[in-house]
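Trainee: only geometry, no sequence info:
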């Protein structure tokens, strides 16, 4: 019986994922209402449960894709993969009010640049403090502090060693997770209320996964504005990391 | 027809990714530059063009809004496949560099958003949902 059920789920991965995620969201809504009395958003709890399960999956299988590495939950990989994520993000653009987006255009671009340069400086400086004092390692770890995609792309382009690359990816992953968990908690401090503020947030916080999950857990209506800016973040980082930023570090470090 | 909406979304998505790849290769980076953002703008323009002309009947719109509503479940699935173990094993440098970057950026976000002129108009008025509670 159980093996037949196992097989049915494994052969219908995506459908299984729909059912499983629906169940997580149901439980999260229940926890949000009964245990936190609505103080913590249901989606924030669902994302936390997701991250917890990802940790469990990583420990059990030793793989890189969290719960999606457990064969029974392989469909999660498809449902939460880049294709579906981007498809759903693009769909949210239907809720954008063009005049609101246009009003924040310039400040959005400014925050996009700040969101690349500022984390890079912080990351590279900390790398230096921990003894990674060559320009290549500093640039790679600094780029990882932009996003976990910018890090390895930059590292590969300038020839970083594999342990520095791993460190750079880890930095980006920690950042994404911090943004996912921290955003709903810090929403008031960040002033996340309006489309404009969401666009500033999207530019500065970077990392599409962090921004999209963080805003989803804060206020669903802010998502398209934040995502609209954040999606340019990785591209800009991959462009600036191995070029302008690397040359700047090299010039300073001699 | 509901498929018209989903197809419109798919065409915008693919066109955006294509333009993002094209932009990437033009400026010489091996990655997509803002493809999703370009796709979002294409969809916004498509809606601005089609809605006043009556090309967006309810079922077509539903073909897009279903996917917009699937956004949070998709994000939950995305969270469930993050490499959390690697993130936590990265050691002090990774955790401190990420924490530092997030804290500094959070302060800048707070600063910029405090400079936003106050307005009494609800920017979401058109999409107001009665269940929404202000954040505590």
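Mentor: That came through fine. Everything numeric here is computed off the predicted structure, so don't read it as measured data.
Trainee: Quick check: which element contains residue A:166?
Mentor: helix A:162-190 (DSSP states H and E).
Trainee: Which neighbouring elements make contact with the helix or strand following that helix?
Mentor: Sequence order places helix A:195-205 as the next helix or strand after helix A:162-190, per DSSP H and E. Other helices and strands packing on helix A:195-205, by 3 or more C-beta pairs under 8 Å, 6 or more residues apart in numbering or on different chains; DSSP states H and E, are helix A:98-103, helix A:105-129, helix A:162-190, helix A:208-218, helix A:223-230, helix B:91-114. All C-beta atoms are positioned from the backbone trio N, CA, C, and that covers glycine.
Trainee: pLDDT at the nearest residue to residue A:74 once chain neighbours are set aside, what is it?
Mentor: Distances taken as C-beta to C-beta, 6 or more residues apart in numbering or on different chains place residue A:13 nearest to residue A:74, at 4.8 Å, with adjacent residues excluded. Confidence at residue A:13, expressed as pLDDT, is 89.
Trainee: before we move on, what about residue A:27?
Mentor: At residue A:27, pLDDT is 94.
Trainee: Show me what counts as buried in the helix or strand harbouring it.
Mentor: In this structure, residue A:27 sits in helix A:13-34 according to DSSP H and E. Using 16 or more other C-beta atoms under 10 Å in any protein chain shown as the test for burial, helix A:13-34 gives A:13, A:16-18, A:20-21, A:24-25, A:28, A:31-32.
Trainee: so how far is it off the chain centroid?
Mentor: 21 Å (C-alpha atoms, centre = their mean, to the nearest Å).
Trainee: pLDDT of the next helix or strand after it, averaged?
Mentor: On the C-terminal side of helix A:13-34, the closest following helix or strand by DSSP H and E is helix A:42-61. The average pLDDT within helix A:42-61 is 86.
Trainee: do stretch B:16-33 and chain A meet at all?
Mentor: Yes - applying C-beta under 8 Å from any C-beta of the partner chain, one finds stretch B:16-33 touching chain A at B:16-17, B:20, B:23-24, B:27, B:29-33.
Trainee: What about the residues you listed, which are in strands?
Mentor: Using DSSP state E, no member of those falls in strands.
Trainee: Tell me the helices and strands packed up against the helix holding residue A:27.
Mentor: Helix A:13-34 packs on helix A:42-61, helix A:74-79, helix B:71-79, going by 3+ C-beta pairs under 8 Å, 6+ apart.
Trainee: Flag every buried residue along the shortest one.
Mentor: Yep, that's helix A:74-79 we're talking about. Residues of helix A:74-79 classed as buried by neighbour count (16+ other C-beta under 10 Å): A:74-77, A:79.
Trainee: For residue A:148, give me phi and psi.
Mentor: Main-chain dihedrals, residue A:148, degrees, to the nearest 10: phi -80, psi 0.
Trainee: for the residue lying closest to it once chain neighbours are set aside, what are its contacts?
Mentor: Counting by C-beta to C-beta, 6+ apart, residue A:148 lies nearest to residue A:172, which is 2.6 Å off, once chain neighbours are set aside. Counting by C-beta atoms under 8 Å, 6 or more residues apart in numbering or on different chains, residue A:172 makes contact with A:144-151, A:207, B:98.
Trainee: out of those residues, which are inside helices?
Mentor: Under the assignment DSSP state H, the contacts of residue A:172 contribute A:144, A:150-151, B:98 to helices.
Trainee: was I right about residue A:65 contacting residue B:83?
Mentor: Yes - with contact defined as C-beta atoms under 8 Å, residue A:65 counts as touching residue B:83 (7.0 Å).
Trainee: got the domain boundaries for the chain?
Mentor: Looking at chain A here, since you left the chain open. A:2-80, A:98-253 (automatic domain parsing).
Trainee: The chain in question should be chain B.
Mentor: If you go by automatic domain parsing, chain B breaks into B:1-78, B:83-116.
Trainee: weakest of those domains in terms of mean pLDDT?
Mentor: For the domains of chain B, mean pLDDT drops lowest on domain B:83-116, to a mean of 84.
Trainee: quick check, distance from that one to the centre of its chain.
Mentor: 20 Å.
Trainee: Pull out the buried residues from it.
Mentor: Per 16+ other C-beta under 10 Å, domain B:83-116 contains these buried residues: B:83-88, B:90, B:93-102, B:104-106, B:108-110, B:112-113.
Trainee: How about the contacts made by the residue lying closest to residue A:58 once chain neighbours are set aside?
Mentor: Once flanking residues are discounted, residue A:58 sits nearest to residue B:85: 3.4 Å by C-beta to C-beta, 6+ apart. Residue B:85 sits next to A:55, A:58-59, A:66 when contact means C-beta under 8 Å, 6+ apart.
Trainee: Likewise for residue A:55?
Mentor: Counting by C-beta under 8 Å, 6+ apart, residue A:55 has contacts A:66, B:84-85, B:88.
Trainee: ok, those vs residue A:218, which is closest?
Mentor: residue B:84 (20.9 Å; C-beta to C-beta).
Trainee: Wait, the closest one touches residue A:66, no?
Mentor: Yes - proximity of residue B:84 to residue A:66 meets the contact threshold set by C-beta under 8 Å, at 6.2 Å.
Trainee: Overlap of the contact sets of the two?
Mentor: In contact with both residue B:84 and residue A:66: A:54-55, A:58, using C-beta under 8 Å, 6+ apart.
Trainee: Dump those residues to TSV, plus distance to residue A:224.
Mentor: As requested, the shared contacts of residue B:84 and residue A:66 are exported to TSV (distance: C-beta to C-beta, whole Å):
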residue	distance to residue A:224
A:54	25
A:55	29
A:58	31
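Trainee: Which of those residues lies at the shortest distance from residue A:131?
Mentor: Nearest to residue A:131 among the shared contacts of residue B:84 and residue A:66, with distances taken as C-beta to C-beta, is residue A:58, at 27.9 Å.
Trainee: and the helix or strand bottoming out on mean pLDDT in chain A, how far from the chain's centre?
Mentor: Within chain A, no helix or strand scores below helix A:98-103, which has a mean of 76 by mean pLDDT, DSSP states H and E. Its chain's average C-alpha position is 25 Å from that of helix A:98-103, according to C-alpha atoms, centre = their mean.
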